[in-house]
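# whatever this is, show me its structure:
(4 chains)
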Protein chains: 2
Amino acid sequence: MAEVGRLAGVSQVTVSRALSSPEKVSPETLRRIRDAVNQTGYVPNAVAGALASSRSKLIAALVPSITNIFYSSSLQAFSDIMREQGYQIMLSETGFDPEREEAAIAAHLSRRPDAIMLTGVRHSAAARRMLLNAGIPVVEVWDLTETPVDCCVGFSQGAAAEAAADLALASGYRHAVTVTAGNERAQRRRDAFAARFETAGHGPVERIDLGPSATLGLGREALAQLVERGLRPGTVVFCSSDQFAHGILVEAAARGLAVPKDVAVIGFGDQDFATATEPALTTIRIDRQALGQAAATALIQRFAGFPGLDPVHDVGFELVRRGSA
Amino acid sequence: MAEVGRLAGVSQVTVSRALSSPEKVSPETLRRIRDAVNQTGYVPNAVAGALASSRSKLIAALVPSITNIFYSSSLQAFSDIMREQGYQIMLSETGFDPEREEAAIAAHLSRRPDAIMLTGVRHSAAARRMLLNAGIPVVEVWDLTETPVDCCVGFSQGAAAEAAADLALASGYRHAVTVTAGNERAQRRRDAFAARFETAGHGPVERIDLGPSATLGLGREALAQLVERGLRPGTVVFCSSDQFAHGILVEAAARGLAVPKDVAVIGFGDQDFATATEPALTTIRIDRQALGQAAATALIQRFAGFPGLDPVHDVGFELVRRGSA
DNA sequence: GTGAAAGCGCTAACAT
DNA sequence: ATGTTAGCGCTTTCAC
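The predicted structure is shown next:
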């Protein structure tokens, strides 16, 4: 920066000004400085800038898994908006593990991000403490709570599952099975669905709990298992993800079972393939883009000094009825 | 840090040592410093550390799209290894756009990362210049070139597509159609497949070029279109992604077409569902984990001072023959 | 509109 | 094993 200044015949400070607030520098000087920047191939050092100004223009983002479309697509929407505002994203995966999350939070906070985005509202006590001490905006996504660290953007997992149960009951299904991936959010939906279904006097709800990742193949196996146990007529299967639901459709077709007559299926997520399966999936749609955008907006508002604005933002869900239930 | 030192009765430098190289500090002092750290809730400032040491422990990673499982899963493997080594990831998406890539490179380099991972080997001239000037290790993934900026880890898109064409020819298919997503890597595979197929005297290869994202629904539409045009017996469809291939299977089933008899399908990617479709997908498997890991390893070797080690690393591909072709 | 001086919170080099 | 000194490359403040 000093060298650029020498070339342009000004001091180092003026170069700094020309780069960060060009309007404070005379047009003529600005021109000379820009020429000098191009000549030298000068690349500003944002590390030094961050240290001097204590604004890093970095946002920390923590997601359980980047390969899970739920999180990657909301993160995409989030980071698109942040990038437009001149922020960059530091990313970590937590693998649904509070301890890994805690370690990641510590690591990220040491880099002095201007804000942090977390997935979920359950964090270790130490994590909460660090976040509070950091004194930066924090947004928690994908869940709702009355007591966010700072603010949260999500929807009620329980309400979504209950809506699915209500649809199933209203459609006359009297036996229900849940097919659930091994993560806490999915399990909460499973429990809420089962509770609602059983409260209506139709239970017990059968549970099939599967591994951490929701795949088509596991969905197929789940139906195969159900059939072997003896599939009762009027059964509806509530899946923690559209992948499972799709697997059930494929297995049903392979076995000559009619959907929804022999077995009905409700998915979760309304992923891109949900309209294109045979039959199309009845599922719970989450607007993942809107979720990510709302999270970004919440942070930007906080930067602008509206810290009190809607600490809890419910983006809702939509039960989309198609052919499978 | 100074305050921690005061509490522990040592100078600020000793605290710095205790934190970064504990073995250089006496056990007793170390204990006192650790106590003081816990008491104060001190969080180290990695920004200042990076400025002073000119090592940021940050890695920049640029991918076309984070929602695309090809890139997200290799990125996951990459960042897992990097995290183990104490590095954190700054992420940007380029949307397959060289200009966006150039802007992202400039933005990331100003943060002085210790290394940078790029997707693909085609970059703007300005981007190449910046990367070279940065003087840090650079790894380009998902493609191979004789002239990497620094080193590359990938496979030959052309060779993979040619292997698929050879399989199709050997299996006796005499008409071929390509179904391709709108990105440059997919298009190179399409062209290589068509060239090989036509060179064998069986052409022309029909092309169906689709939008940027590969979905099941678009795959269905592609087959619908083909059937309307008149599907010739002995046709094989080469897809740029397993999603398209799966869509073709679904549409074929809906129309009562037998696979591979009435129409054969070759996918790309060997995604998790490829074994579970009906019939299972014949596809090209890329070990995305291995790719990400190799990229991380290449950078780590460079950090350790083996700059000359294998500038070009071919992770290969595997043609997996299942039921669909 | 521009410059001089101070300092952000660390690490590196050297000294003890 | 520990301390002293000098900076890393910027931004901030204050002066002109």
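
# isn't A:S240 up against A:E184?
No - A:S240 is beyond contact range of A:E184, at 11.0 Å (criterion: C-beta atoms under 8 Å). Quick note: C-beta positions are derived from backbone N, CA and C, even for glycine.

# just so I have it, where are all the helices in the stretch 201-325 of chain A?
Ranges of helices in the stretch 201-325 of chain A, per DSSP state H, counting those that start in this stretch, are A:216-229, A:242-254, A:288-303.

# got the residues of the stretch 1-150 of chain A near chain B?
Residues of the stretch 1-150 of chain A found near chain B (C-beta under 8 Å from any C-beta of the partner chain) are A:41, A:43-48, A:50-51, A:56, A:58, A:65-67, A:69, A:72-73, A:75-76, A:79-80, A:83, A:88-93, A:106-112, A:129-130, A:133-134.

# so how far is the first residue of stretch A:61-71 from its last?
11 Å (C-alpha to C-alpha, to the nearest Å).

# re earlier: comparing A:S240 and A:E184, which residue is more hemmed in?
A:S240 (27 against 13; other C-beta atoms under 10 Å in any protein chain shown).

# so what's the more buried one up against?
A:178-181, A:186-187, A:189-190, A:214, A:268 (C-beta atoms under 8 Å, 6 or more residues apart in numbering or on different chains).

# then A:E162?
Taking C-beta under 8 Å, 6+ apart, one finds A:192-193, A:196 in contact with A:E162.

# could I get those as CSV with pLDDT, secondary structure and distance to DNA strand C?
Output for the contacts of A:E162, formatted as CSV (pLDDT from 0 to 100; DSSP: H, G, I helix; E, B strand; the rest coil; distance: C-beta to the nearest atom of the strand, whole Å):
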residue, pLDDT, secondary structure, distance to DNA strand C
A:A192, 98, helix, 45
A:F193, 98, helix, 48
A:R196, 97, helix, 51
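
# would JSON lines of these with distance to A:K24 and neighbour count be doable?
Output for these, formatted as JSON lines (distance: C-beta to C-beta, whole Å; neighbours: other C-beta atoms under 10 Å in any protein chain shown):
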{"residue": "A:A192", "distance to A:K24": "56", "neighbour count": "20"}
{"residue": "A:F193", "distance to A:K24": "59", "neighbour count": "28"}
{"residue": "A:R196", "distance to A:K24": "61", "neighbour count": "21"}
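
# I'd like these as CSV, with distance to DNA strand D appended.
As requested, the contacts of A:E162 are exported to CSV (distance: C-beta to the nearest atom of the strand, whole Å):
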residue, distance to DNA strand D
A:A192, 48
A:F193, 51
A:R196, 53
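
# closest to B:A325 out of these?
The closest of these to B:A325 turns out to be A:F193 (C-beta to C-beta; 40.1 Å).

# so which of the residues of the stretch 1-150 of chain A next to chain B are in strands?
A:58, A:88-93 (DSSP state E).

# and the residue in the stretch 201-325 of chain A that DNA strand D sits nearest to, what does it touch?
Of all residues in the stretch 201-325 of chain A, the one sitting closest to DNA strand D is A:F303 (13.8 Å; C-beta to the nearest atom of the strand). By C-beta under 8 Å, 6+ apart, the residues touching A:F303 are A:114-115, A:137.

# where's it relative to B:G219, distance?
For A:F303, the distance to B:G219 equals 43 Å [C-beta to C-beta, to the nearest Å].

# same check on A:S124?
Look at A:S124 and B:G219: by C-beta to C-beta, they are 44 Å apart.

# in terms of neighbours, single out the busier of the two.
Neighbour count, other C-beta under 10 Å: between A:S124 and B:G219, B:G219 has more, with 30 against 14.

# how about the more buried one, nearest residue that isn't a chain neighbour?
Using C-beta to C-beta, 6 or more residues apart in numbering or on different chains and skipping the chain neighbours, the partner closest in space to B:G219 is B:G247 (1.9 Å).

# appreciated, that's everything.
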